[in-house]
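Trainee: prediction below, plus the sequence it came from.
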Amino acid sequence: MGHVEVGHLTYVLPDGRPLLNDVSFRIGDGVKAALVGPNGAGKTTLMRLIAGDAQPVEGSVASSGGLGVMRQFVGSVRDGSSVHDLLLSVAPPAVREAAARLEKAELAMMEREDEKTQLRYAQAITDYTDAGGYDIEVLWDTCTVAALGMPYDSVKYRDVATLSGGEQKRLVLEALLRGPDQTLLLDEPDNYLDVPGKEWLERQLQETPKTVLLVSHDRQLLANAADRIVTVESGNIWIHGGSFTTYADARRARNERLEELRRRWDEEHAKLKALVIMLKNKARYNDGMAPAYHAAQTRLRRFEEAGPPEQTPSEQNIRMRLKGGRTGKRAVICEELELTGLMKPFSTEIWYGERVAVLGSNGSGKSHFLRLISGEDVRHTGVARLGARVVPGLFAQTHARPDLHGRSSVEIVMTEHARLKNEAMKILARYELAGLIADQRFETLSGGQQARLQILLLELSGATLLLLDEPTDNLDLASAEALQAGLDAFDGTVLAVTHDRWFAADFDRYLVFGSDGSVYEAAEPVWDETRVVRPR
């Protein structure tokens, strides 16, 4: 049995801006709830408040059944952390505390072996046993076999940095879903998972009796796994009690109701003010009207004190103007191309105007392929060249742009694209990156805001070939739809690596990087190679 209850939660950013205002909701036993909303609206902050990683200005958080937390960046336990450290970071608090004491006692034993140190070491082992440490290591063995194909003892000291992002996510998810905590907070659990991994996660969420609150931008996963949608917008929340498939209609109907309530409130407010003015004028000449005038004043004051109904959230209005330009008929030519150690040689041609999705499991070479096409130095044999007048622009999957760190969005647009400040702010406004956001350093932006800025830089670069590496991973729902609309209007060629099933449905054809190193064409998305007959 597990639940989460948030009561009148208020949170203010360090710069004094209110982010969450009097937020209250409850996620009951066994419910699978998805937290959605615009990038920067406060989804991750709300998860951190529930997890206890941040403290609210006001309000309270309660949960039951033990709280298991997957944070947005699961591999950042500390530099040089091991698989053991990663698994320990999502273990129950009692196990973590006992493990810390045991590690300290073990280090002391390496320095000296006097009776006092030995007794502390023995007590630390007893405490770790009583906390369930050795029992949970048996569970971890099951988890590492499931996620990495190897027993725990073989990988416990392996550096987390040697695992792919998908392997890290899968390992932590295995530990939380199999662990003792009955309430789970999962912040973007599907990022870096390939589609079979996402389908596995969907099945696990459908089958687990645990209570789950998750943040995700994957529209297909939301449709398949969430039975309640919690929306964070305009500093507050509202809950749609159905699935994501009916969410858009429910949100539209709710906004229409709020607009109607506000219209009626404004009309009643105007009538009361007019009544007060009329009675005031009459009371000047007729003392008998004074009681009615004072009664109307009281009625108006109470009406205004009660306040207007909830403000209708402003709709996101992201306008991506990806222009492109005419190029030669052949945009990309690959002849017997092989990325060293990643794939077998293959040949293909991508024509001007095509939308080609690059699919395949994690580690199959898809990102390296895009980097090679963009002009980066990637080890390979064979030929990979661009057609006439093709200008590539790369969207990096992990948003690893050290060249942008330390600079604000407006500074980047001004210096890299020779724009005056007023012009730069107008451009940023189209991507909802203006205002205070424009002056934030790149590394302090949310993942979705960083993604939108990268797309804006592609727009300004004049690229005629867009190389997009998981572009929708951190985009909120409105931004993902704006990107799809922008690509529809783009006069050029698009080559995109994606695990987003909703996004991939819009592409013309598919280049599949097989698990055996082969690369082949497909007319429909291929997410699980065991379900298809490969072309010879």
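Mentor: The structure has been received and is ready for your questions.

Trainee: going forward, measure contacts between C-alpha atoms and count neighbours the same way
Mentor: Fine.

Trainee: tell me which stretches of the stretch 201-350 of the chain form helices.
Mentor: 219-225, 247-285, 290-306 (DSSP state H, counting those that start in this stretch).

Trainee: can you tell me which of those is most buried?
Mentor: helix 219-225 (a mean of 19; mean count of other CA atoms under 10 Å).

Trainee: run through the neighbouring helices and strands of that helix.
Mentor: helix 195-207, helix 501-504 (3 or more CA pairs under 8 Å, 6 or more residues apart in numbering; DSSP states H and E).

Trainee: show me what the shortest one is packed up against.
Mentor: Think helix 501-504. In terms of contacts (3+ CA pairs under 8 Å, 6+ apart), helix 501-504 is packed against helix 219-225.

Trainee: strands along the stretch 401-536 of the chain, start to end?
Mentor: 465-469, 493-497, 509-513, 519-522 (DSSP state E, counting those that start in this stretch).

Trainee: and stretch 126-142, how far out from the chain middle?
Mentor: 32 Å (CA atoms, centre = their mean, to the nearest Å).

Trainee: so for it, what's the average pLDDT?
Mentor: The average pLDDT within stretch 126-142 is 92.

Trainee: gap between the two ends of that stretch?
Mentor: 24 Å (CA to CA, to the nearest Å).

Trainee: how much space separates the closest residue to residue 440 other than its chain neighbours from residue 372?
Mentor: Once flanking residues are discounted, residue 440 sits nearest to residue 408: 5.1 Å by CA to CA, 6 or more residues apart in numbering. Note on residue 408: its distance to residue 372, by CA to CA, is 29 Å.

Trainee: before we move on, what about residue 23?
Mentor: Going from residue 23 to residue 372 by CA to CA gives 47 Å.

Trainee: out of these two, which sits in the more crowded spot?
Mentor: Neighbours per residue (other CA atoms under 10 Å) separate residue 23 from residue 372, with residue 23 holding more: 20 against 16.

Trainee: list phi and psi for the more buried one.
Mentor: Per-residue torsions, residue 23: phi -90, psi 130 (degrees, to the nearest 10).

Trainee: residues in contact with it?
Mentor: Neighbour list for residue 23: 6-10, 235-237 [criterion: CA atoms under 8 Å, 6 or more residues apart in numbering].

Trainee: residues near residue 17, how many?
Mentor: 10.

Trainee: let me know the pLDDT of it.
Mentor: According to the prediction, residue 17 has pLDDT 81.

Trainee: I'd like the helices of the stretch 201-350 of the chain laid out as CSV, including distance to residue 389.
Mentor: Listed next are the helices of the stretch 201-350 of the chain as CSV, based on distance: least, CA to CA, whole Å:
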stretch, distance to residue 389
helix 219-225, 36
helix 247-285, 41
helix 290-306, 63
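
Trainee: export those as a markdown table, with columns for mean pLDDT and distance to residue 471.
Mentor: Formatted as a markdown table, the helices of the stretch 201-350 of the chain follow (pLDDT from 0 to 100; distance: least, CA to CA, whole Å):
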| stretch | mean pLDDT | distance to residue 471 |
| --- | --- | --- |
| helix 219-225 | 92 | 14 |
| helix 247-285 | 92 | 22 |
| helix 290-306 | 92 | 45 |
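
Trainee: right, so of those helices, which gets closest to residue 154?
Mentor: Between residue 154 and the helices of the stretch 201-350 of the chain, the tightest spacing by CA to CA is seen for helix 219-225, at 32.8 Å.

Trainee: can I get the closest one in CSV, CA atoms only?
Mentor: The C-alpha trace of helix 219-225 is given here as CSV (Å, rounded to 0.1, in the frame of the first residue of the first chain):
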residue,chain,number,x,y,z
ARG,A,219,3.3,10.5,-25.8
GLN,A,220,3.0,6.8,-26.6
LEU,A,221,4.2,5.7,-23.1
LEU,A,222,1.8,8.1,-21.5
ALA,A,223,-1.1,6.7,-23.6
ASN,A,224,-0.1,3.1,-22.8
ALA,A,225,0.8,3.3,-19.1
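
Trainee: distance from that helix to the middle of the chain?
Mentor: Computed by CA atoms, centre = their mean, the chain-centroid distance of helix 219-225 equals 14 Å.

Trainee: residues in contact with that helix?
Mentor: 32, 34, 198-199, 202-203, 205-206, 216, 243-245, 477, 500-502.

Trainee: pull out the buried residues from stretch 373-385.
Mentor: Using 16 or more other CA atoms under 10 Å as the test for burial, stretch 373-385 gives 373-374, 380, 384-385.

Trainee: need the residues you listed in a markdown table with secondary structure, pLDDT and distance to residue 314, can you?
Mentor: Shown next, in a markdown table, are the buried residues of stretch 373-385 (DSSP: H, G, I helix; E, B strand; the rest coil; pLDDT from 0 to 100; distance: CA to CA, whole Å):
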| residue | secondary structure | pLDDT | distance to residue 314 |
| --- | --- | --- | --- |
| 373 | helix | 95 | 40 |
| 374 | helix | 94 | 38 |
| 380 | strand | 92 | 49 |
| 384 | strand | 94 | 46 |
| 385 | strand | 94 | 45 |
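
Trainee: in these, find the pair that's most separated.
Mentor: The span of the buried residues of stretch 373-385, defined through CA to CA, is set by 374 and 380 at 13.8 Å.

Trainee: which ones are touching residue 379?
Mentor: With contact taken as CA under 8 Å, 6+ apart, residue 379 is in contact with 339-340.

Trainee: if I look at it, how far off is residue 428?
Mentor: Taking CA to CA, one finds residue 379 at 37 Å from residue 428.

Trainee: still on that earlier bit, out of the buried residues of stretch 373-385, flag the one nearest to residue 59.
Mentor: residue 374 (49.6 Å).

Trainee: surely residue 412 and residue 403 touch.
Mentor: No: between residue 412 and residue 403 there is no contact under CA atoms under 8 Å: 9.7 Å.

Trainee: these two - which one has more neighbours?
Mentor: residue 412 (22 against 9).

Trainee: what about that one, distance to residue 402?
Mentor: Counting by CA to CA, the gap between residue 412 and residue 402 amounts to 12 Å.

Trainee: identify whichever of the helices of the stretch 201-350 of the chain lies nearest to residue 487.
Mentor: Across the helices of the stretch 201-350 of the chain, residue 487 has its closest neighbour in helix 219-225 (18.1 Å, CA to CA).

Trainee: would you list the buried entries among the contacts of residue 23?
Mentor: Applying 16+ other CA under 10 Å to those, the neighbour count classes 6, 9-10, 235-237 as buried.

Trainee: relative to residue 193, which of these is nearest.
Mentor: The closest of the buried ones among the contacts of residue 23 to residue 193 turns out to be residue 237 (CA to CA; 28.2 Å).

Trainee: now for that closest one: which residues touch it?
Mentor: Taking CA under 8 Å, 6+ apart, we find residue 237 in contact with 23-24, 230-231.

Trainee: could you dump those into TSV and include pLDDT and distance to residue 99?
Mentor: TSV is the format used below for the contacts of residue 237 (pLDDT from 0 to 100; distance: CA to CA, whole Å):
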residue	pLDDT	distance to residue 99
23	92	36
24	94	36
230	95	36
231	93	38
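
Trainee: specify which member of the residues you listed is nearest to residue 417.
Mentor: residue 231 (36.0 Å).
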